[in-house]
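Engineer: Quick one, fold the following:
(chains A and B)
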Amino acid sequence: MSHGAHGAPAPPLAPHEPVLVGETRAKLDQLLARYPTKQACLLPALWLVQEARGWISEGAIGEVAAALGLTPAYVKGVVTFYTMYHTHPVGRHFIQVCTTSPCGLCGAEDTMRALLRETGCEELGATSPDGRFTVIEVECLGACGFPTPVLVDDDFIESVTPAKVPEILAKYQANG
Amino acid sequence: MGFPHTSHPRETVVLSQYFGDPGALSYAGWLQRGGYEALRQALGMTPDAVVAAVKESGLRGRGGAGFPAGLKWSLMPKPDGRARYLVCNADESEPGTFKDREIMRWTPHALLEGCAIAAHAISAETCFIYIRGEFTDPWRIVSAAVEEAYANGVLGRDALGSGRPLDVILHRGAGAYICGEETAMLNSIEGKRGNPRIKPPYPAQCGLFGMPTTINNVETLAAVPHIIRRGAEWYKGLALGNPKSTGTKLISVCGHVQRPGNYEITLGFPMKDLIFELAGGPPAGRRLKAVIPGGSSVPIMSADEVEDCPTDYEGVAAKGSMLGSGGMIVMDDSADMVYQIWRLARFYAHESCAQCTQCREGTAWTVKVLERILGGKGKEDDLQLLLDLAENMTGKTICVLSDSCAAPVVSGIKKFRGEFEAYIARARKPALAAV
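Structural biologist: You can find the predicted model right below:
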């Protein structure tokens, strides 16, 4: 860990604020009642954490592990296997654009470049300077007949072309 | 119906009848359209009789493997008091395929009805529907349908008054193509990394939570109510000269066609007519160059091979490829085959679960060599190197992801070798920055 300038001590890390509490914990308990094993609730539990906090921190991994009787290392192994779980904070609106072959044949890379440009992200995986958007390229979104499909948060948007990008983004820019 | 287009007169509309009809989404709307009649009928039959009917119909798995559905059900051991599971594979992620998404977003109750009948047939009391994480709309729609099905007694402790319980649990994936492989899916439901399992044991013997399990694709399950209601003979009669490929199949046509979409055809339908007449063929002024007929994991067909190919399991196999999931990726003469094959290889390298060395290393090196060729730095023996890699990636791993990466490479080099050689001979401008 690097230290602050002039030998000043680095600011202490913010303590982990528990996430599996209140409504989120209640939802997990409902799931635990339905699944045959505790561990089977791992993917759903991680979704609950991500819905509540936007990403899955080391602290949250520890909480999930404790709730399901697993080790944090095991949970981390699962979190990092699946591409939709964020292990670091992302922009307020997370944009996934498909560039796999069928969409690629129909101009998906141009759509991706338009998204990078219009959001100000410039680079794949980067967050825009205003913290609003993160854009990533993903493999096949399963809507190849509607090139290019783009997933903004939970909004699945079909047939996106570079020309349509500004109008699509405007909605999210208006809503913060 | 060729959603998003109006139905073409040459389609055989069975599964897709209500695509685009929002009235079919609700429980009430589904009943008005004759829904849940087949389930009622099936619950009046013994499980063995349901299995026999589906066997007789010739229905084959629509997820890609084409394994006979009734036979798969009959491989389940006799009930012995242990839990038994039905898993519906709704992890549709095979590039080129987008049919299950339409079934779920327009006819969620058709899927639930199919699940309920299949669960009865295999005497399972719990069904997991594994929906890929990116399918946010199908998730919302199927979730709502499940709630309605519980509220109306279709699901629950006494499913449709049968005296038997049936629970349906939706399980959301989180971004991993490999979870569409059935044993990887079981691991994923169990809260593990989605690594495929070594078979045997097969899921029917030792599946979800170690219990007898059957995994069926969305389209397969959605076809079952029609077979029960209209009879195995009717379904079997939906064939064009090949008794081994019966019924209708949703074919997703995408890429360089004027009307991409899902088209429901009787198996055996001429592939050429499907691409040119139904999907409109390549854009004006362009010529058909290649087709990947069964999702990206199958060998590429040249335009010549499409000419007289029937769209069924045996017909496509006779051309050296596979019908697979029925995701048809069409390329016209503007497509750079080397670039497209590289892009597919990148997909497999990204999606490899990395537990088998041949796949982890093979997919990554295939991408690197193709990048070298596309970057104008290709070597004379690179094509042989790619073929050697492919050889070592085929039939040597726990699942077929690695084979799937090799298929387009091998068929691509065989059928479009000149395009690779042009890059290697520096006769073609590099398509990628040199690496």
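Engineer: Residue B:365 belongs to a helix, doesn't it?
Structural biologist: Yes - according to DSSP: H, G, I helix; E, B strand; the rest coil, residue B:365 belongs to a helix.
Engineer: if you go through chain A in chain order, where are the strands?
Structural biologist: A:93-98, A:133-138, A:150-152, A:155-157 (DSSP state E).
Engineer: Helices of the stretch 201-350 of chain B, start to end?
Structural biologist: B:218-230, B:232-237, B:271-273, B:303-306, B:313-318, B:337-351 (DSSP state H, counting those that start in this stretch).
Engineer: Can you tell me which of those is nearest to residue A:159?
Structural biologist: Of all the helices of the stretch 201-350 of chain B, helix B:337-351 sits nearest to residue A:159, with 20.2 Å by CB to CB. The C-beta positions use only the backbone N, C-alpha and C, and glycine is treated the same way.
Engineer: quick revisit: for chain A, which of the helices of the stretch 201-350 of chain B is the nearest?
Structural biologist: For these, proximity to chain A was assessed by CB to the nearest CB; helix B:337-351 is nearest, at 4.8 Å.
Engineer: Is the closest one positioned near chain A?
Structural biologist: Yes - under the criterion of CB under 8 Å from any CB of the partner chain, chain A is reached by helix B:337-351 at B:340, B:343-344, B:347, B:350-351.
Engineer: report the angle between the axes of that helix and strand A:133-138?
Structural biologist: For helix B:337-351 against strand A:133-138, the angle by axes from the mean of the first three to the mean of the last three CA atoms, to 10 degrees is 110 degrees.
Engineer: what's helix B:337-351 packed up against?
Structural biologist: If you count contacts as 3 or more CB pairs under 8 Å, 6 or more residues apart in numbering or on different chains; DSSP states H and E, helix B:337-351 packs onto helix A:101-104, helix B:357-374, helix B:401-424.
Engineer: And for residue B:409, the neighbour number?
Structural biologist: Neighbours of residue B:409 under the rule other CB atoms under 10 Å in any protein chain shown: 27.
Engineer: what about the helices in chain A?
Structural biologist: Assigned by DSSP state H, chain A shows helices spanning A:22-34, A:42-53, A:58-68, A:72-79, A:101-104, A:108-119, A:165-174.
Engineer: Direction included, what does the biggest strand by length in chain B pair up with?
Structural biologist: Looking across chain B with DSSP E, the single longest strand is strand B:248-255. Strand B:248-255 sits in its sheet next to strand B:261-266 (antiparallel), strand B:327-332 (parallel), going by DSSP bridges.
Engineer: Quick check: what element follows the helix or strand hosting residue B:150 along the chain?
Structural biologist: Assigned by DSSP states H and E, residue B:150 belongs to helix B:136-151. Going down the chain from helix B:136-151, the next helix or strand is strand B:167-172, by DSSP H and E.
Engineer: now the following helix or strand past that next one, how far from the chain's geometric center?
Structural biologist: Following strand B:167-172 in sequence order, the next helix or strand is helix B:182-189 (DSSP H and E). Centre-to-centre, helix B:182-189 and its host chain are 16 Å apart (CA atoms, centre = their mean, to the nearest Å).
Engineer: got any ranges where chain B has weak pLDDT?
Structural biologist: B:1-3, B:434-435 (pLDDT under 70).
Engineer: Near chain A, which residues of the stretch 251-400 of chain B? Just list them.
Structural biologist: By the rule CB under 8 Å from any CB, the part of the stretch 251-400 of chain B lying against chain A is B:252-256, B:260-262, B:296, B:327, B:329, B:331, B:335, B:340, B:343-344, B:347, B:350-351, B:353.
Engineer: Residue B:429 - nearest residue in space that isn't next to it in sequence?
Structural biologist: residue B:376 (7.7 Å; CB to CB, 6 or more residues apart in numbering or on different chains).
Engineer: ok, the one you found - how many residues close by?
Structural biologist: 17.
Engineer: That one and residue B:428, how far apart?
Structural biologist: Distance from residue B:376 to residue B:428, counting by CB to CB, to the nearest Å: 8 Å.
Engineer: Does residue B:249 touch residue B:310 like I think?
Structural biologist: No - using CB atoms under 8 Å as the test, residue B:249 is too far from residue B:310 to be in contact (11.7 Å).
Engineer: Can you pick out the residue with more neighbours from the two?
Structural biologist: Neighbours per residue (other CB under 10 Å) separate residue B:249 from residue B:310, with residue B:249 holding more: 28 against 21.
Engineer: what about the more buried one, distance to residue B:415?
Structural biologist: According to CB to CB, residue B:249 and residue B:415 sit 25 Å apart.
Engineer: likewise residue B:144?
Structural biologist: 46 Å.
Engineer: of those two, who's got more company?
Structural biologist: Per other CB under 10 Å, whichever of residue B:144 and residue B:415 has more neighbours is residue B:415, with 20 against 14.
Engineer: Can you say which of the helices of chain A is nearest to residue B:92?
Structural biologist: Per CB to CB, nearest to residue B:92 of the helices of chain A: helix A:101-104, 13.1 Å.
Engineer: what about the closest one, distance to the chain center?
Structural biologist: Offset of helix A:101-104 from its chain centre (CA atoms, centre = their mean): 23 Å.
Engineer: Does anything pack onto it? Which helices or strands?
Structural biologist: On a contact count with 3+ CB pairs under 8 Å, 6+ apart, helix A:101-104 meets strand B:248-255, strand B:327-332, helix B:337-351.
Engineer: cutoff 7 Å now
Structural biologist: Helix A:101-104 sits against helix B:337-351, with contacts defined as 3 or more CB pairs under 7 Å, 6 or more residues apart in numbering or on different chains; DSSP states H and E.
Engineer: Can you point out the buried residues in the helix it packs on?
Structural biologist: B:337-351 (16 or more other CB atoms under 10 Å in any protein chain shown).
Engineer: Over to stretch B:175-185?
Structural biologist: For stretch B:175-185, burial by neighbour count (16+ other CB under 10 Å) applies to B:175-185.
Engineer: Run through who's touching it.
Structural biologist: A:81-84, A:139, B:87, B:89, B:91, B:93-94, B:130, B:133-134, B:173, B:188, B:194-197, B:199, B:203, B:215, B:351, B:353, B:399, B:401 (CB atoms under 7 Å, 6 or more residues apart in numbering or on different chains).
Engineer: cool, stretch B:46-58 as well?
Structural biologist: Residues from elsewhere that reach stretch B:46-58 (CB under 7 Å, 6+ apart): B:42, B:68-71, B:73-74, B:117, B:120-123, B:224, B:227-228, B:232, B:235-236, B:246-247.
Engineer: rerun at 8 Å
Structural biologist: B:42, B:45, B:68-71, B:73-74, B:117, B:120-123, B:224, B:227-228, B:231-233, B:235-236, B:239, B:243-247 (CB atoms under 8 Å, 6 or more residues apart in numbering or on different chains).
Engineer: And the residues you listed, which of them are buried?
Structural biologist: Buried subset of the contacts of stretch B:46-58 (neighbour count, 16+ other CB under 10 Å): B:42, B:45, B:68-70, B:73-74, B:117, B:120-122, B:224, B:227-228, B:232, B:235-236, B:239, B:245-247.
Engineer: Measure how buried the closest residue to residue B:209 other than its chain neighbours is and give me the count.
Structural biologist: Once flanking residues are discounted, residue B:209 sits nearest to residue A:36: 5.4 Å by CB to CB, 6+ apart. Look at residue A:36: counted by other CB under 10 Å, it has 15 neighbours.
Engineer: cool, and residue B:421?
Structural biologist: As a burial measure, residue B:421 scores 18 neighbours (other CB under 10 Å).
Engineer: Pull the contacting residues for it.
Structural biologist: Residue B:421 neighbours (CB under 8 Å, 6+ apart): B:383, B:427.
Engineer: List the contacts of residue A:126.
Structural biologist: A:134-135 are the contacts of residue A:126 under CB under 8 Å, 6+ apart.
Engineer: Fine by me, we can end here.
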